[in-house]
Structure formats: C-alpha cells, structure tokens
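Chemist: okay, predicted coordinates and the sequence, questions at the end:
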Amino acid sequence: MGHGSSKGISEQDLAKEEEPSRLSRLKNKLHLHRRRRHANNGSAYKALIDADDFAGIANLTLKRAEMKFKDKWMACVSLGEQTFRTEISDQTDSPVWNSVSIYPKQFLFEKKLLLEKNGPHIARISVFETNRLSSSNIVGYREIDLLEFITRDSDSDLEVFDLLDPSSSDISVGSIFLSCSVEDPIETEKRFARRILSIVDYNEDGKLSFSEFSDLINAFGNQQAATKKEELFKVADKNGDGNVSMDELADLLAIQQEKEPLISCCPVCGEILEVSHNLNTMIHLTLCFDEGTGNQVMTGGFLTDKQASSGWMFKLSEWAHFSSYDIGLNSGASASHIVVFDRRTKRLVEELINGKIVLSMRAIYQSKFGLGLMDTGAKELLQSISEKQGRRMSSTESTKDIPKFVESFKACSIYYSMIFLMILCSIFDFLKDQINLAEVKYPLEHFKTFNEFFIRELKPGARPIACMERDDIAVCAADSRLMAFKSADDSLRFWIKGRKFSIQGLLGQDVSSGAFIDGPLVIFRLAPQDYHRFHFPVSGTIEQFVNIPGCLYTVNPIAVNSKYCNVFTENKRVVSIISTADFGKVAFVAIGATMVGSISFSKEKGDHVRKGDEFGYFSFGGSTVICAFEKGAIEIDEDLLSNSARSLETLVYVGMTLGVSTKKLSGNGLPNLESCNLGD
C-alpha cells in the first residue's frame with residue numbers, strides 16, 4: 001500500500017450508489033474518510049485506488065462450529081504458504097476454540113492474515129477430529145475468498161458456512177461460524193510505531209528525545225540511516241517541540257520505509273524487506289511482532305493443514321526417518337510427503353505417500369543395489385506388469401474400480417511380488433479431494449472401462465485458455481505439477497539428479513537437438529487423479545514425431561531426484577517437434593511411466609494446431625510431459641521459475657499462462673496476464 005495524497009469517499013457518495021461496488025464497500029470498511037482527515041493534516045497516506053491493489057490485514061475469527069457428532073476438535077487455517085491451528089476443544093459437538101486459557105472466554109480464536117496484490121486470498125478452513133498419536137482425521141473443510149468476504153454487501157461481519165466432506169463436496173458435515181474484518185492500516189502502523197517507541201522510551205513519557213531516537217535508529221542496523229539521524233529527527237518532529245510523538249514516528253516509518261527504508265531486514269523473521277509502493281512493510285513487521293512476542297492467538301509455523309494436524313507419534317516417525325518437513329527437494333526425495341504450490345489458490349498442498357511405499361521406492365531408486373536389481377531382469381518384469389494391468393484396465397471388468405479410485409485412489413488389485421505391488425500402488429496415494437466430478441463431461445455410469453474414465457474428457461470451458469487471441473503467450477500443457485527452468489543446467493541443480501540427463505539424451509538421436517541446448521525446460525508431472533489429456537502449449541505446425549522405446553520407471557520425484565536413475569532419458573517416450581512463428585521450434589516430449597501402457601495422439605504430422613487444442617492422452621497411470629524451447633525464445637512466468645528454484649513444484653491446470661515470446665517483447669510489451677485467466 002503506497003502513501004501519498006488521499007482522495008476520500010464520503011458516506012453520501014456511497015448512499016447515491018444503488019448497488020455499491022466491491023471497491024466502494026472495501027473503501028468504506030477501510031474508513032477512508034479518516035484517511036482524508038490525515039491527509040489534510042499533511043500525512044502522506046494514499047487512498048486505495050483499486051481493490052486489486054489492496055495490501056492490508058484481514059482479521060479472521062473462528063467463532064465456533066457445529067458438528068454432527070461429539071469429539072475433540074481442532075481447526076486449521078491455511079493461506080498461501082502459512083498454516084495456523086487452534087488448540088484442541090473439549091469433547092463436544094459444538095466446539096469453541098478459545099485461544100489460551102489466560103484470556104477471557106469472549107477472546108475467541110482469531111488470526112490476522114496479510115492480503116497482498118496478486119497474492120493469496122483464498123483461505124482454507126479445515127476441521128479435524130483429533131488423534132494425539134498419529135495424524136488427525138479431517139472431517140470437513142471450507143475454502144473462503146477473503147477478499148470477497150470483506151467486500152460483500154452486509155451489515156454483519158459474521159457468516160455461517162457449511163463444512164464440506166473431503167470425499168464429496170456435495171455433502172455437508174457441519175457448519176462453521178466465521179467473522180472477517182479489515183484492520184485499518186493507519187492503526188496497524190501506529191500500533192507498530194507504539195511498540196517500536198516503547199523499546200527506547202526510557203522515561204516512558206510516550207515521546208522520543210533525540211538521544212532516544214538516535215538509539216532507535218542505531219538499533220535498526222541501517223548504516224546509511226544512522227548517518228542521517230539529525231536530519232530524520234527534524235523530519236519526524238513536525239511540531240518542533242524537540243520530541244517525536246507516537247503519531248510522528250508512525251508517519252516517519254510509513255513514509256521513509258517506502259522511500260528509503262530505515263528497516264531493511266525484519267528483526268523477527270529475518271526476511272529482507274524490499275521497497276514497494278504496493279505492499280506496506282509495516283503490516284509485515286506488525287504481524288511478525290505479534291508472533292514473535294507471544295501475542296498471537298493462533299499457533300503458526302506449519303506448511304500445510306496435514307502437518308498441523310499431526311500427532312506426536314507422526315512427528316516421532318519423521319524424526320526417526322531423518323526427514324525434515326519442508327517444501328522442495330528434500331520433501332520429494334527423502335520424506336513421506338510431497339508439498340506443492342497450488343497456483344490457483346496460491347496455497348501449499350500436500351500429497352501423501354504410504355511410509356512403506358516410500359521406503360521401497362528409496363530402496364530401489366536411490367541406491368546402487370536397488371538399481372542393480374532393475375538391471376537383472378526387474379525392468380522386464382515391470383514392463384510385463386504394466387502391460388497386463390493396462391489390458392485389465394481396458395476390460396469391462398475394470399469398471400468396478402472407478403468408484404473406489406475416485407474415493408481413495410486405491411483401485412489396484414494386482415497379485416504380484418510385494419515390492420512391485422508397493423511401486424504400483426504408490427501412484428494412488430495422493431489427496432482424496434483432487435478429482436472434481438463436476439468438471440467431467442460424462443457421468444460415471446457412462447464409462448464402460450476404467451481406462452475410459454481415466455482418459456475422461458472435461459466439459460467445454462472447464463479449462464479456459466489464457467490470452468487465446470495472442471499466439472506469443474504460451475500456456476500450460478497439462479493439469480500437473482510443474483517445474484520450469486531457464487536451462488537444462490538449472491534443472492540439474494534444482495531437480496533432476498540423474499548424472500546422465502541431457503537435452504540430447506531426452507530428444508534422442510533422430511531429433512536435431514542443437515537449438516534446444518541451453519534453452520528453457522518445463523516439466524509437467526501428472527498424478528493419477530489428474531485429467532490425463534495433454535494440450536498444445538503453443539500454436540504452430542507439427543513437424544515431426546519420433547518414438548523412443550525405453551523403460552517404465554516411476555516419474556515420482558523420489559526417482560527423478562535419484563542420482564542413480566535417469567528417468568527422463570531412459571523411459572519410453574514420444575518426441576514431437578512443433579514449428580511456430582513466435583517461439584521457433586518447440587520440442588514436446590510425452591513420457592511413459594509405471595502402469596502407462598500407451599501414449600495416444602489425436603493429431604498427426606503436418607497438422608496446424610492452436611494453443612490449447614487437445615494433443616493426446618496417457619492411458620492408466622501417472623506420467624510426464626516435458627517441453628523444451630530454443631534458447632532465448634520464451635520468458636517463463638516468474639512465479640513458476642521462483643518456485644522451481646526452491647525445488648517446489650507448482651500445481652497448474654491446462655490453459656494457465658506459461659510464458660511470453662521474447663521475440664515480441666520489444667514490440668508489444670508484456671501482456672496483461674491478470675486478464676489472461678492465469679489462475680482460472
């Protein structure tokens with residue numbers, strides 16, 4: 001949030017509007033008439049110009065819940081990459097989560113959440129029946145758009161939401177009573193200034209003398225600011241009485257922090273605070289001080305609600321396996337969970353894999369001995385198993401597996417050696433709420449085989465294509481977990497650990513790979529619950545198809561992150577080359593994996609295609625698509641690159657923006673991606 005002259009909005013102006021806009025309601029909630037009064041007094045506070053520019057605090061309070069049976073309950077709130085949890089309630093069917101016992105009963109469970117421009121604003125509320133020994137069982141959840149909540153046309157901040165069954169969004173398992181209000185940014189800044197002032201206000205008179213002010217500037221650790229203490233003191237001391245009051249200090253901090261920051265590093269969390277006209281860093285600092293001084297009323301520090309709901313036995317098992325609960329490569333390669341960033345909700349989500357399966361996959365893919373077994377005939381057995389299971393999934397008998405697959409992703413019933421059963425079943429151990437049947441084109445009874453369901457089509461419009469009128473904007477090719485890199489070398493540093501991976505090895509001998517060396521690389525990993533049809537990321541003409549025989553290793557990160565295995569250059573795959581006007585040549589590689597018996601295409605060599613058109617589909621199993629671009633042909637979206645640099649996969653959907661052609665950047669400029677359905 002910037003600071004400058006303010007244009008207020010009066011209650012009379014609001015009353016004239018027959019249907020107040022979301023922006024008007026938000027301005028009213030932010031009390032901008034107070035901002036106008038501050039502006040008249042010389043403050044540099046700036047009016048909120050657009051609701052999408054809003055950066056402030058949403059004060060979310062969990063009043064209570066009503067459940068359908070008695071138990072001890074716990075709730076979690078997730079927003080972006082942060083998750084917070086309540087204490088455990090008493091045995092009841094109407095839990096009320098008071099923060100800490102020393103607070104009065106009316107001080108209910110609340111959390112102050114930061115809302116930023118283009119940042120996360122969809123909060124997930126999850127309610128668990130608790131189990132102190134292992135992970136608690138989620139009973140109901142609700143996703144709430146906080147920006148819509150605080151800007152709705154209502155006289156009351158309180159609202160009742162149905163809690164939805166994780167296995168079926170059509171079933172209500174209870175209700176949760178929430179309120180959400182906007183905290184005035186002016187009061188936020190003043191509160192932070194008051195806390196800062198109290199640190200060096202030695203005589204406790206509510207003001208800072210020059211010596212006290214000097215100590216404060218020194219404490220900030222900003223050497224440049226320390227050389228300007230007298231100048232800053234004069235700027236702050238507006239009334240010239242030789243002291244800096246709380247209001248004067250608040251003004252100085254707010255203005256100076258965005259002009260020439262006094263505080264360059266948060267003293268609580270250590271985060272580097274960048275200059276921004278959109279985000280008021282005072283809000284960040286205030287929230288951190290709340291957490292760091294024990295004033296918080298929700299327990300934070302969790303990545304996902306799965307982690308927050310874990311009992312002590314689960315934590316002990318995590319410690320015993322020497323695996324840290326964190327985002328990125330360590331989670332994918334070493335721990336019994338995979339944490340990915342959902343681009344649509346801007347929230348971390350978790351994919352769970354059974355611990356025994358993780359151990360078996362580690363034993364095979366992350367050791368010389370395990371891969372040695374694969375070299376002594378196990379590859380052929382894995383190929384045979386995949387082919388047999390593929391044939392079974394195309395039989396009418398397999399239809400009985402569809403409801404079970406939708407419910408729990410455990411439709412596998414193969415009678416082979418235990419270690420391979422673990423590998424095959426591992427592809428089913430993901431979250432239970434990932435298949436949205438409302439998007440599927442046909443009802444379940446329409447499908448005559450399991451494979452028909454697996455390669456299901458979606459309803460028209462279920463996957464809008466970003467900026468369809470602009471061929472210089474590439475889109476995501478599959479519903480998948482995406483990793484994007486500026487070059488193959490970057491992918492080797494952050495994700496692919498196979499020693500022999502190369503662009504030449506990926507594309508094979510029959511494709512001229514020279515143009516793709518040192519070019520951007522995008523990996524789309526499909527999980528079994530995903531929509532398994534893949535689409536064109538760019539518009540152009542199909543120039544070439546090349547079939548490359550190979551193995552059927554799993555594409556799970558445990559294998560991809562193994563230095564003993566080269567999944568992408570050893571697996572069965574089909575390479576196609578698309579010639580485009582905006583990106584040059586684009587290599588599209590469809591890679592088979594465990595349980596994938598076939599890769600089918602709906603287009604042929606010589607066909608002219610448009611981005612978003614269907615290209616083909618994978619039959620039963622999880623798999624991967626890799627797109628390789630010529631060097632300097634595309635500028636990949638920054639959020640995808642930054643997540644990948646943390647070894648964090650991004651959950652994306654067909655049609656979301658992928659990047660823009662660098663050939664037209666100088667002529668057309670960057671497109672307005674906000675109007676291109678990036679997150680829809």
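Modeler: Arrived safely. Numbers count the residues shown, from 1 in each chain.
Chemist: residue ranges with poor pLDDT in the stretch 251-400 of the chain?
Modeler: For the stretch 251-400 of the chain, applying pLDDT under 70 flags the ranges 254-261, 264-284, 286-303, 306, 310-337, 352-395, 397-400.
Chemist: any weak-confidence spans in the stretch 101-250 of the chain?
Modeler: Along the stretch 101-250 of the chain, segments meeting pLDDT under 70 span 101-109, 117, 131-135, 185-186, 189, 221.
Chemist: equivalent analysis for the stretch 451-600 of the chain, please.
Modeler: Along the stretch 451-600 of the chain, the model assigns pLDDT under 70 to residues 499, 594-597.
Chemist: domains in this protein, as residue ranges please.
Modeler: The chain resolves into domains spanning 52-183, 186-289, 473-661 when parsed by the TED database.
Chemist: tell me which of those sits most buried.
Modeler: Ranked by average neighbour count under the criterion mean count of other CB atoms under 10 Å, these are headed by domain 473-661 at a mean of 21. Quick note: C-beta positions are derived from backbone N, CA and C, even for glycine.
Chemist: now do the end-to-end distance for it.
Modeler: Domain 473-661 has an end-to-end distance of 6 Å (CA to CA, to the nearest Å).
Chemist: before we move on, what about stretch 563-582?
Modeler: End-to-end distance of stretch 563-582: 36 Å, with CA to CA as the criterion.
Chemist: now stretch 178-188
Modeler: Length of stretch 178-188, first residue to last, CA to CA: 22 Å.
Chemist: kindly report the same for stretch 549-567.
Modeler: 13 Å.
Chemist: one more: stretch 555-569?
Modeler: Across stretch 555-569, first to last residue, CA to CA, it's 12 Å.
Chemist: repeat for stretch 198-218
Modeler: By CA to CA, one end of stretch 198-218 lies 15 Å from the other end.
Chemist: correct me if wrong: D145 contacts H121.
Modeler: Yes: D145 is within contact range of H121, at 6.1 Å (criterion: CB atoms under 8 Å).
Chemist: okay if I get the domains of the chain as JSON lines plus distance to V339?
Modeler: Shown next, in JSON lines, are the domains of the chain (distance: least, CB to CB, whole Å):
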{"stretch": "domain 52-183", "distance to V339": "9"}
{"stretch": "domain 186-289", "distance to V339": "20"}
{"stretch": "domain 473-661", "distance to V339": "7"}
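Chemist: now do the contacts for V538.
Modeler: D471, A474, I578, T580, D582, F583, V586, K611 (CB atoms under 8 Å, 6 or more residues apart in numbering).
Chemist: got JSON lines for the residues you listed, with distance to N222 too?
Modeler: Converted to JSON lines, the contacts of V538 look like this (distance: CB to CB, whole Å):
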{"residue": "D471", "distance to N222": "48"}
{"residue": "A474", "distance to N222": "42"}
{"residue": "I578", "distance to N222": "52"}
{"residue": "T580", "distance to N222": "49"}
{"residue": "D582", "distance to N222": "46"}
{"residue": "F583", "distance to N222": "45"}
{"residue": "V586", "distance to N222": "47"}
{"residue": "K611", "distance to N222": "48"}
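Chemist: which one of the residues you listed is nearest to D637?
Modeler: Nearest to D637 among these is A474, at 9.4 Å by CB to CB.
Chemist: name the SS class of the closest one, please.
Modeler: Classification of A474 using DSSP: H, G, I helix; E, B strand; the rest coil returns strand.
Chemist: give me the element the closest residue to it other than its chain neighbours is part of.
Modeler: Once flanking residues are discounted, A474 sits nearest to L658: 4.3 Å by CB to CB, 6 or more residues apart in numbering. L658 belongs to strand 657-661 when assigned by DSSP states H and E.
Chemist: helices and strands around that strand, which ones?
Modeler: Strand 657-661 sits against strand 473-475, strand 634-636, with contacts defined as 3 or more CB pairs under 8 Å, 6 or more residues apart in numbering; DSSP states H and E.
Chemist: wait, isn't K448 in contact with T396?
Modeler: Yes: counting by CB under 8 Å, T396 is a contact partner of K448 at 6.0 Å.
Chemist: which of those two has more residues huddled nearby?
Modeler: Using other CB atoms under 10 Å as the criterion, K448 and T396 rank with K448 on top: 13 against 9.
Chemist: wait, is that one part of a strand?
Modeler: No: assessed with three-state DSSP, K448 is coil; it does not lie in a strand.
Chemist: for it, give its distance to H532.
Modeler: To H532, K448 is 17 Å away according to CB to CB, to the nearest Å.
Chemist: now the strands: where do they sit in the stretch 151-300 of the chain?
Modeler: Along the stretch 151-300 of the chain, counting by DSSP state E, counting those that start in this stretch, strands occupy 158-165, 168-183, 207-208, 244-245, 299-302.
Chemist: output these as TSV; include the columns distance to L115.
Modeler: Below are those laid out as TSV (distance: least, CB to CB, whole Å):
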stretch	distance to L115
strand 158-165	17
strand 168-183	9
strand 207-208	31
strand 244-245	30
strand 299-302	16
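Chemist: and the residue nearest to S598 when sequence neighbours are not counted, what pLDDT?
Modeler: Spatial nearest neighbour of S598, excluding adjacent residues (CB to CB, 6+ apart): S619 at 4.8 Å. With respect to pLDDT, S619 scores 84.
Chemist: and the gap between S619 and G592?
Modeler: According to CB to CB, S619 and G592 sit 9 Å apart.
Chemist: for F568, same thing?
Modeler: From F568 to G592 the distance is 11 Å (CB to CB).
Chemist: is there a neighbour count for E469? I'd like the number.
Modeler: By other CB under 10 Å, 7 other residues sit near E469.
Chemist: quick one: it is in a strand?
Modeler: No: going by three-state DSSP, the assignment for E469 is coil, not a strand.
Chemist: which of the strands of the stretch 151-300 of the chain sits closest to T541?
Modeler: T541 lies closest to strand 168-183 among the strands of the stretch 151-300 of the chain, at 41.5 Å (CB to CB).
Chemist: pull up the pairing partners for that closest one, direction included.
Modeler: Sheet pairing for strand 168-183, assigned by DSSP bridges, gives strand 56-67 (antiparallel), strand 158-165 (antiparallel).
Chemist: any chance you could list what contacts stretch 61-72?
Modeler: 73, 75, 77, 86, 88-97, 108-110, 125, 127, 129-130, 139-140, 158, 163, 173-180.
Chemist: what do you get if the cut-off is 7 Å, keeping everything else the same?
Modeler: 73, 75, 86, 88-97, 108-110, 127, 129-130, 139, 158, 173-179 (CB atoms under 7 Å, 6 or more residues apart in numbering).
Chemist: how long is it end to end?
Modeler: End-to-end for stretch 61-72, by CA to CA: 19 Å.
Chemist: from the contacts of V538, pick the one nearest G498.
Modeler: Nearest member of the contacts of V538 to G498, counting by CB to CB, is V586, at 23.0 Å.
Chemist: for the closest one, which non-adjacent residue is spatially closest?
Modeler: Leaving aside its chain neighbours, V586 sits nearest to I578 (4.6 Å; criterion: CB to CB, 6+ apart).
Chemist: show me what the host helix or strand of that neighbour is packed up against.
Modeler: If you go by DSSP H and E, I578 is part of strand 573-579. Judged by 3 or more CB pairs under 7 Å, 6 or more residues apart in numbering; DSSP states H and E, strand 573-579 is in contact with strand 540-548, strand 585-591.
Chemist: closest one to F192 among the ones you listed?
Modeler: Counting by CB to CB, F192 lies closest to strand 585-591 out of the helices and strands packed on strand 573-579; the figure is 49.5 Å.
Chemist: what's the angle between the closest one and strand 573-579?
Modeler: Angle of strand 585-591 versus strand 573-579, following axes from the mean of the first three to the mean of the last three CA atoms, to 10 degrees, is 160 degrees.
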